[in-house]
Each structure stands twice: as structure tokens, then as C-alpha cells.
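Trainee: Next input, structure requested:
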Amino acid sequence: MALVLPPPLLFPPQTQWHRNKGKTLRQVSACANQNQFTQTDIQKHKRSIDYLCKETIRDYVKNGFWGKALKMYYQMQRAGIKADRSVFLSVIKACGSLSDLQTGRKIHEDIIAKEFESDVFVGTALASMYAKCGSLENARRVFERIPEQNVVSWTALIAGYAQNGHPHEAFAFFNEMQVQGINPNSFTIVSVLRACADLFFLDQGKQIHCYAIRRGFEYDVVVGTGLVDMYTKCGNANIARNLFERMPTQNVVSWTAIIAGFSQNGHTHEAFAFFNEMQVRGIKPNIVTIVSVLPACADLSALEQGKQIHCFAIKNGFESDVVVVNGFMNVYAKCGNVNIVHKLFERMPERDLVSWTAIIAAYSQNGHSHEALAFFSEMQVHGIKPDSIAIVSVLPACAHLLALERGKQIHGYAIKHGFESDVDVVNGFINMYAKCGNINIAHNLFERMLERDVVSWNAIIAAYCQNGQPHEALAFFNEMRIEEIKPNSITMVSVLPACAHLLALEQGRQFHGYVIKSGFESDVVVVNGLVNMYAKCGNVNIAQKLFERMPVRDVVSWNVMILAFGIHGHGEDALTLFSKMQQTDTKPDHITFTAILTACSHAGLVDQGWQYFKCMKSDYGLAPELEHYACLVDLLGRAGHLVEAHDIIKKMPLNPGADVWGALLGACRIHCNVELGEAAAKHLFELVPNNAGYYVLLSNIYAEKCRWEDVVKLRTMMKERGVKKQPGWSVVAVHREVHTFLMGDRIHPQSEKIYATLDTLYRKMKKAGYVLNTNLVLHDVEGDAKENILCSHSEKLAISFGIINTSPGTSILIMKNLRVCSDCHSATKFISKIVGREIIVRDANRFHHLKDGLCSCEDYW
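Mentor: This next block holds a predicted model:
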């Protein structure tokens, strides 16, 4: 039997062994590596080979060649060379480092056979190995069989339980060791501090801190680092910083702990500062440091810093480490650079579950939903089973594509693999079903949750808001507070649209007060939500004041305010604000140009709108998307340039969607162009055959031209296709209650007063010169019938109710689900002058501020 030994070059030439044994062992090793050793040779050179094998194993373990150490161990066994305590200690360590439980058990059997199990050092090493392999029961059995347990044995067991997510048991063993009269050492303290961190046991952590001070470990670099880690994970970054700065010696582990702690607690700028300072002080970051600072890059979308750290990682040979590459993929994804993420992923020699999850999340977060779903499928083809994080990462892609069936398949997978009780996973499914319009399943999932966190409540509130049920959203918010779940900034952002939808300005003001009281007023996302809420509740002035007081603004802040000016008809103000934005470091995005084009359209600023549309590509490298072409067609069409608008559609590089053709049809309705209106409607009836609004628009054009036969044909077509016209409704908020009215509504308790008030107003309006526009009635009926239909439009009923139930001089705010008709617009101008009120009407497209007989739209809408 030949014994194969490694080349002599693998052994450090400066070891005592080489110096003493020199010539004999070199000859032995040379023979071995030429496969020239037989049993006779082994017997002849037994002492030298024995020593060589043991030194080889020790050197392999010392240099991290765990697999080679175990291979040499088995060669020793086959050659009949007996292992001693030092060999067992080395190979046990190798098994623990490789988490190789199967090999560890076999070596344990050898140890029992050689009667080394009762040795305190071997027993401690075995306990540590089992703990590192996750076999805590075996670790405990081995520990209990050690005749004399010392501080190292106890520390191994405590560390094992702490590292395997059993901090309560780690605490229990820590207390028991002291009862047994064993004083903890610095490594014991660090192990139990980890348990405190995992349980967020700040008070117990402080007690351990006091114990460390009493025992003189306060300035021990290992204990100091453990304390820094514990305090940061328990959310007390200030104490961690003070401890760190008082440490007499700081090593790379200490710096890494403070960087990781600040990064994990959202103090990303400070994490960066520590990372830079450690290098200034000559401390070279290691792999763990790199992995710890990368989340700070991701949170700040700090692309340049991320690239610098990437260069550092490449120069120092970290670029092939799978954990490091996963971290960089996350950074580039958060910075929107999906191409680099893809290249990193493709170049990885090995990929783990985190790698696949990172590429899925990268595509999902950046709107490449098809690619995200493709990678999710591919990972399973490669035999990688998605975990809860992978599932949560792919669900936004399903939501974005409205891929309900695919989402249901993933839901089935989650249930089958035991993820249905995972709070994060269920939150993701609530969001996905809500985005796909299935609010009932979302609600049922929420109701069945055994545990709910603030994200769960945010998800269900947002679900009802997104699906047009603001009352239910506000009800869930109130229930959340009854359950004593503290709302966070995302809660406020989720609930504010409900106030805007209901015109609940008073409730919105209450939320504003809560925001200030809760310290969210400096949160840019929350203030953006408040600006949007006030603007959509008709108070653009407060929205503007909030915007101007913002210390920090992101692109969303500018977009919200530009759009607010636009929908309120302040086109020039929107353009001025966009000019100010251009003078900042904030770059406009696609939504910015949608907002600015909308503002131009509502204000009739055709030349300026054209200019902004062209500069998207030339100045900012943003290719116009469908919504921008829809805005351009609307801009030109409203201004009467219908042929030019049609030419834009015919020449555009994208396939025009319903929004584009809908904009042209709406313009044809304004200017009563039958030919182009019919052309636009033809495309719309093919693209969205069940959308009643487009049938109504074409019917309005026919009615305006008194083409009643065509109106009847359209109605017949709608009936045959099962298309039902959406009823028009208007709401008015009075004394914190929202009242809804339909056309001809007579079920309201105050109906008699409402119609009596309208009769009085009509008499005064007619004296002032008001004439009903009966051409808007889509029925071929007599004039009196047409007048009755027009007089009972929902917005007129809402206005009458508002006048009756509010004090003289009070503004009245009305919301209409459809575009306000020209007769109601004209009537409201007269009413505003007669009653001396400002009447604010929010229709499907914009706001109308009517006062003293005039409207902010200047009759251009």
C-alpha cells in the first residue's frame, strides 16, 4: 500500500520540524510523492513518516486547507499510523470549519475507540464541532460527558447555542457556569453578548457590560468589540460609538463591528465615515468589512462609493468571494444599474441562493418584471429552491405585470414548502393580490394571519386605497391604532391617499398633526405624501408652503409639486418650478416630464409643451414613453391641432395604446370632429372593448351633431358587447362626513331642500343670463325633458347640499368621477357669483376653482 504525502513546499520552511529533521524527512517525503512507499518502507521509516503526517495535518489546518487535512487523516488510517490528541484536535477543527457533520461523527467514533473522549481538550473540540454543524443535542451530550468542564468547555457550548439562534439557552448556560463556580473569560462574555444582541436584550447586555468592567475586561479588544456589536444591534448607536472611541486598541474586527452596526441601524453616512477613517488610520478592511459597508452604499444609492469599494475588493482578491459579489449585486441593483448586476451574476463561478435572489430582486426592483420571473424559474431548474426572501423578491414582478395566475402558482409553492405562516411572505402576497385587483383574497390573508407587524397593516391599508375603497383603508388605520400598533412613515404614506380620495381635508390635517407629533415631518417620503394630499384636497397653497419648507427634496418632491400646479391650472407656476429643479442636482425622470406636459396641456402652453417633449431625449437621454405621447396628443388636441395630433400618433415609434387614442378622442369631443373621432374610437373599441367611457365620448360627438341614429347604434353595440356605462357621481365632504350623489338622486334625506335650493338658484341664474346647453343630453327627447336631466346632474346636487349645510362664505369642495360637463361648468360659475362662495370642483382630469363667476381654467379644459 502506497502512502501519498504532499510536496515538501507546502510546509513552512522555517518550522522547527524542518530544521531538525532536514535530510531524512526530505528523502521520506520525496519517496512518498513518487508513490514509492510500501508497507516495508513505512515500517523502516515509521517515526519519520508518523511525524511527517501529523505535522502535515497540523499545517493544513493552520493554513485553512480543511479538506486536505481530512484526506491526510484517512491516508494515515489506511497506512496504520495512529492518531494522537493533536491530530484529533486538528481534524475535529477541520470538520467544524467545513460543517461536515458526517465526517465529524466518524472521527468521533475513532476518538471513542482510542479513549480520547474524556480528554477535556478533545471533548471541548468535539462540542464546538457539533455546535458549528448545528447539532446542538450532540454538542450538549459530549459536553456533559467531559469529566472536568473548564471555562473553554462552557464557552464552546454557550457560543454554539448563541450562534445557532438559541440565545435563551445560551443565557441559561452562562448563568449555570457561574453557579458551578466557573468564571467566564473574555470569549465567554463575547458569546453571551451575541445572545443579548439576537434577543435585543439591552438591559441584560448592560448587566454583562458591568460584569466585564468588574472583571477588568472593559479594555479587552475582543470584549470591547462584542459590546459595540451588542449595543448597535439593540439600537443604541451612541453608546456603541462612545465605547468604540474609548477602546485603547482597535483592530479590523472592531472597525467592522462599528461599521456593520451603524449600517444596519440606518446610520449610513456614519458607516461610510467609519469606513474611510479606518483606512486613514492604516487599518486594512477585510472581506467582512466590505460586506458590512455595502448595505450603506445600497441604502444611499451611492454608486460612486460602491464602485470605489468594488475596485478595492478586486485589488485585494475579494472579487471571487460569493458573499462579496452578492453584496455588490445588491448595491448596483439599488443604484438602478441592472446591466452590471447581470454581468456580475454571469461571471460568478459559484452561485448560492442569495445570488439568485439578488438577481431576481435587481430586475424586480427596477421594473424588469419579465426577467425577474424568468430568473425565478431558472433558479429552480438549477435545483435551487426559493426561500422566503426569494419569494418576497419576485412577488412585486407579479404585481407589476398583473400576473395573477403566476402569483397564485408561487402562492401554492409557498404553502407547499411551509412559508404560509411567514409574516414577510404573507405581506408580499397581500400586496400582490391587491395590485392585481383581488382585494378579497388580500383581505382573507390578512384576517388569517396569526401575527401581524406594521408592514402587514400598511399592506392592507394600501390595498384598499389602491382599489378605490378609501373608507375601508381609514377603518383599518383606526383599527391598527386600537391594536396599539405604532404607525410608521410608510403607514402615513399609505393612508394619506385615502384622505385625498375622499376630500377628507380635516382628517388629512389630523394626520398632518400626527406626523409632526411623531417626528416624521423631516421624512421626505411622508412630506411628499402630505403635499400630494393637500393638492388633491384642493389646497394647493398649503401644498406649496410645505414643499418650500422641505430641507431636502428628492425627484418625487418636485414631481408632486409640478403636477399639483398642473392639475390646478397653474401652468406658468409649474414651468417656473421645473426651471428651479433644473438648477439643482436632482435630475428629472419620466414622471417629471409627464407632470410638466400635463401642466402645459391644462394651461394651453403648446409651444412650451413641444419644447419639453423634445428635450427629454436631447437634454436628459430619456426616451418618451406611451404616457408622454398621450400627453402630447392631449396638448395638441385640446388646442385644436387635431390633424397634427393624429400625425404624431401615426409617426410615433411605439404602438399607440388606449391612452394615446383616448387623448385624441377626448380632443375630438371638445372640438366636435366626427371623422377623427370615429377613427380614434375604432382603435379604442379594439384595444379596450369593455371601456364604456370611449363609447360615451363618441356618442357625445354624435349627439352634438344631432346624429341620433348613430347614438342609437352605439347604444346597441354596447348592449351586444355587455358594456355598461359607468354612472356619474359626485361627493361633497361636510362636517367630516362624505355625501355621495348620483344623477337624479332623490334618496338623500335632504332631497326636497336640495332641489328647492336648485330651483331658486336656476331662477336667479336665468335672470343673470345663464342658458342650459341641451346639446349635451344624449337622448332624443323634448326640450323640457332635457332641462330636467341637466338640472339633476350629480355635481349640481352636491353643490346645493354644500350650500345648505355650510356657513355663508365657506368654500365648497366637490369631487366628480367623470369629466365635468360644459353645462355644469357654466352653471357653477353663475352659482359661485350668486352665493358669494368659492366652489372647487375636482373632476377626472383637473381642478376647477370657481369664484365670482370665473373659473381658474379660463374655460380651457
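Trainee: Where does pLDDT dip in the stretch 651-800 of the chain?
Mentor: 773-790 (pLDDT under 70).
Trainee: just the helices in it please.
Mentor: Here the stretch 651-800 of the chain has its helices, by DSSP state H, counting those that start in this stretch, at 658-671, 674-687, 692-704, 708-721, 751-767, 783-791, 794-805.
Trainee: The stretch 501-650 of the chain now?
Mentor: With DSSP H, counting those that start in this stretch as the criterion, the stretch 501-650 of the chain has helices spanning 505-517, 524-536, 540-549, 555-567, 571-582, 590-603, 606-620, 626-638, 642-651.
Trainee: Including distance to Ala679 and mean neighbour count, could those go into CSV?
Mentor: Backbone N, C-alpha and C define where each C-beta goes, glycine included. Output for the helices of the stretch 501-650 of the chain, formatted as CSV (distance: least, Cβ to Cβ, whole Å; neighbours: other Cβ atoms under 10 Å):
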stretch, distance to Ala679, mean neighbour count
helix 505-517, 42, 17
helix 524-536, 34, 24
helix 540-549, 37, 17
helix 555-567, 28, 23
helix 571-582, 29, 18
helix 590-603, 21, 25
helix 606-620, 22, 16
helix 626-638, 13, 24
helix 642-651, 8, 16
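Trainee: so which of those gets nearest Tyr73?
Mentor: helix 524-536 (58.0 Å; Cβ to Cβ).
Trainee: So which elements touch the closest one?
Mentor: helix 489-501, helix 505-517, helix 540-549, helix 555-567 (3 or more Cβ pairs under 8 Å, 6 or more residues apart in numbering; DSSP states H and E).
Trainee: nearest to Val606, of the ones you listed?
Mentor: helix 555-567 (14.7 Å).
Trainee: For the closest one, name the packing helices and strands.
Mentor: When contacts are defined as 3+ Cβ pairs under 8 Å, 6+ apart, helix 555-567 sits against helix 524-536, helix 540-549, helix 571-582, helix 590-603.
Trainee: Which among the helices of the stretch 501-650 of the chain is found nearest to Tyr363?
Mentor: Between the helices of the stretch 501-650 of the chain, helix 590-603 lies closest to Tyr363; by Cβ to Cβ that is 18.3 Å.
Trainee: Now do that closest one: which elements does it pack against?
Mentor: By 3+ Cβ pairs under 8 Å, 6+ apart, helix 590-603 packs against helix 555-567, helix 571-582, helix 606-620, helix 626-638.
Trainee: Mean confidence (pLDDT) on it, please.
Mentor: Per-region confidence: helix 590-603 scores 95 on mean pLDDT.
Trainee: just to revisit the earlier point, can you check which of the helices and strands packed on helix 555-567 gets nearest to Val835?
Mentor: Minimum separation from Val835 across those (Cβ to Cβ) falls at helix 540-549, 22.1 Å.
Trainee: With only the CA atoms kept, save the closest one in PDB.
Mentor: Presented in PDB, the C-alpha positions along helix 540-549 are these (Å, rounded to 0.1, in the frame of the first residue of the first chain):
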ATOM      1  CA  VAL A 540     -52.500  74.000  -3.500                       C
ATOM      2  CA  ASN A 541     -51.300  76.900  -1.400                       C
ATOM      3  CA  ILE A 542     -50.600  74.800   1.700                       C
ATOM      4  CA  ALA A 543     -49.100  72.200  -0.600                       C
ATOM      5  CA  GLN A 544     -46.700  74.800  -1.900                       C
ATOM      6  CA  LYS A 545     -45.800  76.100   1.600                       C
ATOM      7  CA  LEU A 546     -45.000  72.500   2.700                       C
ATOM      8  CA  PHE A 547     -42.800  72.000  -0.400                       C
ATOM      9  CA  GLU A 548     -40.900  75.200   0.100                       C
ATOM     10  CA  ARG A 549     -40.200  74.400   3.700                       C
END
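Trainee: Work out the gap between that helix and the centre of the chain.
Mentor: Offset of helix 540-549 from its chain centre (Cα atoms, centre = their mean, to the nearest Å): 28 Å.
Trainee: what's in contact with that helix?
Mentor: Contacts with helix 540-549, where a contact means Cβ atoms under 8 Å, 6 or more residues apart in numbering, come from 527, 530-532, 534-535, 553, 557, 560-561, 564-565, 568, 570, 847.
Trainee: and of those residues, the nearest to Phe187?
Mentor: Looking across these and measuring by Cβ to Cβ, the closest to Phe187 is Val527, at 48.3 Å.
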